[in-house]
Each structure stands twice: as structure tokens, then as C-alpha cells.
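Chemist: Would you be able to build a 3D model of this:
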Amino acid sequence: MNLSYQALPNYLKRFVVEQDYDSYTPQEHATWRYIMRRARKFFSENAVPCYMQGLAKTGISIDRIPSINVIDQHLRELGWGAIGVCGFIPPAAFLDFQARGIMPIAMDMRSIQHVAYTPAPDIVHEAAGHVPILIDPAYRKYLIRYAKMADKAIITREDVVLYEAIRILSDIKENPDTLPGDITKAEAGLKAAYAAVTHVSELAQLGRIAWWTAEYGLVGDLRHPKIYGAGLLSSVGESEKCLSDAVRKIPLTLDCVKQGFDITEPQPQLYVAESFDHLPSILDDLEETMAVKMGGVAGLRKALAARTVNSVVLDSAIAISGELQDFVASPVGAVEFLKFTGPVQLAINGVELAGHGRVRHPQGFSSPVGKWKKFPDRSPHTLSDSDLASVGLIRGRRGVIDFLSGFKLEGTLWHIFRMEGRLTYLSFSDCRVTRGDQTYFQPSWGGFDLAIGESVVSVHGGPADRETYGDYETGNVSTSPGRSSPYTEQEWRAFDLYGRLRQHRERRIPDKEIVPDLELIAKKYKTELPDDWLIGIELIEMATQRLKETPPWLAGVHESVQTFASKGRGADSHSVPAELVKHGLALVSIAD
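Modeler: Residues are numbered from 1 along each chain as shown. Model (predicted):
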């Protein structure tokens, strides 16, 4: 494993997979080369200037699929890193990596049938799309800021279901073993997941910002913007269309969070940032509306609607992490009682309190919140041991706490806990919590821990101490769109021809030695693999750039490839857009 892996917490290591570089086929390397040569030609003029520089500075080759460990080594010079993952990983995990300055890179390589675009994460999108822009300091700063905000954003159960539907559809569309009926079923599942979304969550809002910036962002002059979004940088075809007048260009503001998107369709509008320095201002505006900043009743309402694991932080600094089931507040918005379903964790400053994890609170947790009647002008976390004793709260003795809200706690105190001078929690046995004639906790339920706090100062997504809390619902660990069936004999024959062409190109064998083999490759191509358009283009390229005289067999290869360029067709019932072949022919005269 690379150096970035060694620095990861255990809960993120489970998403990491070692790149099996030798498993990439010669056809996949050729597909990468085709994509990157076309990208170099187009993006040298239409992407941000740092893109071409970034390819070289981050160890990304035009000629072959890059090594993730090599990318990691180059990124470490920028204070970042890279690790390999398999297919989709949950958004919360992706953002956690990014908040640490580590770019997760999906290792799968899109198939030749999906050379123009694949909805599944792949090494073209992650490495050739995201990574090169990281050489810009302002952009790196933006990504870290974004990821840390998203790391605290509240995700809803609806988001998780939608993520799963997107993941399933994207994976099976890339998998060559998928049956048409499976795609239809997955498309219906995604449609149902979209329809079930009742509101746009904080994470969904940030997801939209990411979509319109890091994925499909433009920057600069509104009339002649430059491309920096990875979704565009990994699809020249869509990039060409996006710069035309057919796609509306809108100045980037926080209003972009109101615009949803469909990952299966081209984008009808795109947003243009003034510069990379402009991007953080969008986050500033959004952050003021997030529960992590607002806290209070507004933050609790977001957590309650989410039905996921979130953390409620009191003014004593104690954080209660779990699924918020209910809360009680006064007419003026003062929080008076909190109730969670389990498992629940208590933590301070991101560290779980000893003995207050899932084992102690497997079923849930509840606690009154607010000032005490005896000390109406003081926050409870400021009370000293003598203050506690004045109301009968002495270890080993039975005491009573009357809250201004009307809640009443009666029990035997057995533990007082302070952190950094603040009273943080009290533990009781034989405890009862009531308000009027309603009981909120009774002795038969076991020990009771009172979280000390006057108010809710923050509410944020996920547990406070994620490594200790353990698994919680954020989506499946990872998937792979890769095929499960073995390669066919025809595919192995194609791999052999691709491999031989690569050897001739890279080893610079004298022309007189390669002529006989190129003729043999051309013969096999015509008789055995006439539908593999990319082999034809590589043969034409090799003959054009390497041979002094035009060999007789080249005319037949030209004829086959021109058929693709005029009509578009392909093997295994996959259509090949004629435009892809035309672009390939245009690259023939460009020497690497």
C-alpha cells in the first residue's frame, strides 16, 4: 500500500483496494491512450492552463493507464495524496478522504464500448479529470474547505437510497454482462428514488455545488470560459457541446443549489466561476444556513427529518451521536429534552468518552437540557462540586434536579465528569425523569447519564468520533462495474494485436523489422476483428508515422475504418458513434 494509506484511520482503510496494474489489458491501455490524446488536443486550448501542466506534474501519462502509487508520490509534493478504490464508495467516505487531502481514484478502466462516457467512476474520470487541477493552490484549498463542510453536512435516509440507486444503475451500465432487463429495472429504481425525495438535504445542496463546480465547472469569462470540472475533462464530446451556445452559461452563485441534475443526461446549463478564488464565497453563503452553524431547534429539525446518525453538541461541548427520535422545545425555541434511538455515542472534541459508546447506549439515549431552578442565571456546565452539593447532588446519595422547563430528575448520583473545567455529564442509578404526569425515564431501564447543557450550539452529520462509533448507514462499502464473465477467444486475439502494436510503438524497433509483423496484424485484423475500430486506427497511425513507403495492406485497413467513420457500427451489438472514429483518424498525424 502507498504512503497515504498508512495515514488513514481504520474506518476509511476498508474502502481502499490495491491497484492490480498488470490486470489492465492492452485494449484498455489503448483506450486510455485514445482518450488522452484526444483530450490533449482539445483541452490544451479549452481547459484551464493548469490542466496540461497538471498531467505532467502529477505523473499521469498520455500513453498508458497511470499508476495510483506514482500519482500519490507526485501529489505528496503538493501536500496531497491518492489511494485506489473499487467503483463507487459512499459520498461520506469520499468526502472524508478529500478532507484529509487524499483523492480516491476508482481503478476500473471504462470499456472501449463506453470510451466517450461512462456513468460509473473510473480511472479516466478520477485521475485524468480531478487530479491535474490539484496543482492549483486555490483549487486545492477550495476542495479541502468543501470536503470539511460536507463532512459535517446532514445526510438523509432519502439521500442514501438515492445514492444506492445511482450506484446500481451506473455499475450495471458499465458491466458488459448486464442484461437489458436489468438496466430497465435499475432505471425504474432510480426514477422512484428521485420521486421519493421530499426535500433537498444539506449534503444534497453541497452535492449540487460539487456537481456545478468540481464536476461540471467552468471558470473565467462568461462568453469564453475555460473547463475545469472533472466530468467535462473526462469527456471531450460533452466538453465540445458544453462550450457551444446550446448550453446556457450562468454566473456561479449560491443559487446553483436550487438546480438539480440528472447524471444520465447532458447538462442543459453550466455555471461559470469568476476564478478559483471565487469558489469559497459560495461555501461561505451556504455554511450560514447549515445546522452545524445554526444549532438550536432549526438544526434539530434537520436531524429529525434526516432519520440518520447525526451529532447534537451542547454548550458544555458534549456531543450526543445517534439517530434523533424526538425533542422538546419551549414556545420561544429553548431546547428542553432530547431523545435518540441507538446506538448512541457520547463524545467531546471528536473523541468518544470512555465507557460511553455503543455498548453502554445500544438502544438509545435521552436527557433533559436547560438551566436548573436553583441556578437560573448560570449555565449548568459552570457548576462546581459545592454547587452540586448545595442541591443534594453528592456521590452515593440520592438527589433531585429541578429544571426551569419543568423537567425533574430524581436518582442516586454515582459519577461526576468534567472536561477542561466544564461539568459534562452526571451518572445516576435508580433514576426517574418526569415532567408533570409524564415519565421520560424510569429506574427499570438501567443507569441514566445526564448530558449537561443549557443549549444546543451545533448539529452536524455523522457520529462525533467516527472511528470508534463504527459502521452506520451511508451506503454500500464499494462496488465494481467490472465484468464477471471470462474474456472470449476473440477478445484475447484483440489483446494480442493491441499488445504487439504497443511493443512496436514503445520499443522503437527498426522499420524493416516491424513491416512483416504489421502486415500480419493487418491481415488478422481484417479477417478476425473487423469490428474493432481502434486497432484499425492504431495500424494506420503506425504505418503513417513509422513507414517510409505506404504498404499495400494499408488500403484495406483504411477501408474498414472509413466504414466506421461514415456509418458507425461495432462488435457485440455495441454501436460505435462515427464521431469517435473520425476523431481517432484526426489524431493519426499527431506524433507523441
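
Chemist: what's near enough to touch Arg223?
Modeler: Shown in contact with Arg223 (Cβ atoms under 8 Å, 6 or more residues apart in numbering): Lys249. Every C-beta, even on glycine, is put in place using the N, C-alpha and C of the backbone.

Chemist: hmm, what's the outermost residue in this structure?
Modeler: Ser390 (52.8 Å; Cα atoms, centre = their mean).

Chemist: Please determine how far that one is located from Ile401.
Modeler: 12 Å (Cβ to Cβ, to the nearest Å).

Chemist: Could you do Thr382 as well?
Modeler: 15 Å.

Chemist: Comparing those two, which shows the higher neighbour count?
Modeler: Ile401 (23 against 15; other Cβ atoms under 10 Å).

Chemist: That one contacts Gly392, doesn't it?
Modeler: No: the pair Ile401 / Gly392 is not scored as a contact, 9.2 Å apart, by Cβ atoms under 8 Å.

Chemist: ok, Tyr21 - how many residues close by?
Modeler: Neighbours of Tyr21 (other Cβ under 10 Å): 15.

Chemist: ok, and the closest non-adjacent residue to it?
Modeler: In space, and not counting its chain neighbours, Tyr21 is closest to Ser67: 6.0 Å by Cβ to Cβ, 6 or more residues apart in numbering.

Chemist: Near that neighbour, how many other residues are there?
Modeler: 18.

Chemist: Please name the residues that touch it.
Modeler: 19, 21, 59.

Chemist: do that again at 10 Å, thanks
Modeler: If you count contacts by Cβ atoms under 10 Å, 6 or more residues apart in numbering, Ser67 has them with 2, 19, 21, 59-61, 73, 82, 84, 127.

Chemist: Sitting in helices, which of those residues do you find?
Modeler: Judged by DSSP state H, these include Gln73 as members of helices.

Chemist: Would you show me how to pick out the buried ones of the contacts of Ser67 in ChimeraX?
Modeler: To isolate the buried members of the contacts of Ser67 in ChimeraX, using 16 or more other Cβ atoms under 10 Å:
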select :2,19,59,60,73,82,84,127
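
Chemist: Show me which of the contacts of Ser67 is closest to Gln113.
Modeler: Using Cβ to Cβ, Ala127 comes nearest to Gln113 of the contacts of Ser67, at 20.3 Å.

Chemist: my read: the closest one touches Pro66, true?
Modeler: Yes: between Ala127 and Pro66 there is a contact under Cβ atoms under 10 Å: 5.4 Å.

Chemist: Now the common contact residues for these two.
Modeler: Joint contacts of Ala127 and Pro66 (Cβ under 10 Å, 6+ apart) are 32, 36, 55, 58-60, 82, 105.

Chemist: so Gly189 sits in a strand?
Modeler: No: Gly189 is assigned helix when assessed by DSSP: H, G, I helix; E, B strand; the rest coil, not a strand.

Chemist: residue boundaries of the helices in the stretch 1-150 of the chain?
Modeler: 3-6, 10-13, 26-46, 50-57, 68-75, 91-99, 123, 137-152 (DSSP state H, counting those that start in this stretch).

Chemist: which one of the ones you listed has the lowest average pLDDT?
Modeler: Of all the helices of the stretch 1-150 of the chain, mean pLDDT reaches its minimum on helix 3-6 (a mean of 84).

Chemist: List of residues touching that helix?
Modeler: 12-13, 16, 18, 68-69, 71-73, 75-76, 80-84, 97, 100-104.

Chemist: Generate a ChimeraX selection restricted to the buried subset of those.
Modeler: In ChimeraX, a selection of the buried entries from those looks like this (16+ other Cβ under 10 Å):
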select :12,16,68,69,71,72,73,75,80,81,82,83,84,97,100,101,102,103,104
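
Chemist: and stretch 454-473, C-alpha only, in CSV?
Modeler: As requested, the backbone C-alpha atoms of stretch 454-473 are provided in CSV (Å, rounded to 0.1, in the frame of the first residue of the first chain):
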residue,chain,number,x,y,z
GLU,A,454,-28.1,24.8,28.6
SER,A,455,-28.5,24.9,24.8
VAL,A,456,-27.8,23.1,21.5
VAL,A,457,-25.0,25.0,19.9
SER,A,458,-24.5,22.8,16.9
VAL,A,459,-25.9,19.8,15.0
HIS,A,460,-23.8,18.0,12.4
GLY,A,461,-23.9,14.9,10.2
GLY,A,462,-22.4,11.6,11.3
PRO,A,463,-21.0,10.5,14.7
ALA,A,464,-18.6,12.7,16.5
ASP,A,465,-15.9,10.0,16.7
ARG,A,466,-16.4,8.0,13.6
GLU,A,467,-13.6,5.6,14.0
THR,A,468,-14.8,4.5,17.4
TYR,A,469,-18.5,4.6,16.6
GLY,A,470,-18.2,2.1,13.8
ASP,A,471,-20.5,1.4,10.9
TYR,A,472,-23.5,3.5,10.2
GLU,A,473,-25.8,3.8,7.3
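
Chemist: low pLDDT regions in the chain?
Modeler: The model of the chain has pLDDT under 70 over residues 1, 473-483, 509, 511, 567-577, 591-592.

Chemist: now with 80?
Modeler: Scanning the chain for pLDDT under 80 picks out the ranges 1-3, 87, 117-120, 170-171, 173-178, 262-265, 471-484, 507-513, 564-578, 589-592.

Chemist: May I see the domains of it written out as residue ranges?
Modeler: 3-156+199-283, 157-198, 296-464, 489-586 (automatic domain parsing).

Chemist: would you turn the ones you listed into CSV with distance to Gly470?
Modeler: Shown next, in CSV, are the domains of the chain (distance: least, Cβ to Cβ, whole Å):
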stretch, distance to Gly470
domain 3-156+199-283, 7
domain 157-198, 17
domain 296-464, 7
domain 489-586, 42
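
Chemist: who wins for proximity to Tyr472 among those?
Modeler: domain 296-464 (4.3 Å).

Chemist: That closest one: end-to-end distance?
Modeler: 18 Å (Cα to Cα, to the nearest Å).

Chemist: Could you do stretch 366-385 as well?
Modeler: Using Cα to Cα, the two ends of stretch 366-385 sit 24 Å apart.

Chemist: Next, the buried residues of that stretch.
Modeler: 366-372, 374, 379-381, 383.

Chemist: thinking again about what came up before, for Met290, which of the domains of the chain is the nearest?
Modeler: With Cβ to Cβ as the yardstick, what comes closest out of these is domain 3-156+199-283 (5.5 Å).

Chemist: Buried ones in stretch 239-247, by neighbour count?
Modeler: Residues of stretch 239-247 classed as buried by neighbour count (16+ other Cβ under 10 Å): 239, 242-243, 247.

Chemist: Just send the buried residues of stretch 366-385 back as JSON lines, with distance to Cys50 and secondary structure too.
Modeler: Formatted as JSON lines, those follow (distance: Cβ to Cβ, whole Å; DSSP: H, G, I helix; E, B strand; the rest coil):
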{"residue": "Ser366", "distance to Cys50": "52", "secondary structure": "strand"}
{"residue": "Ser367", "distance to Cys50": "51", "secondary structure": "strand"}
{"residue": "Pro368", "distance to Cys50": "55", "secondary structure": "strand"}
{"residue": "Val369", "distance to Cys50": "50", "secondary structure": "coil"}
{"residue": "Gly370", "distance to Cys50": "53", "secondary structure": "coil"}
{"residue": "Lys371", "distance to Cys50": "55", "secondary structure": "coil"}
{"residue": "Trp372", "distance to Cys50": "58", "secondary structure": "strand"}
{"residue": "Lys374", "distance to Cys50": "63", "secondary structure": "coil"}
{"residue": "Ser379", "distance to Cys50": "50", "secondary structure": "coil"}
{"residue": "Pro380", "distance to Cys50": "53", "secondary structure": "helix"}
{"residue": "His381", "distance to Cys50": "49", "secondary structure": "helix"}
{"residue": "Leu383", "distance to Cys50": "56", "secondary structure": "coil"}
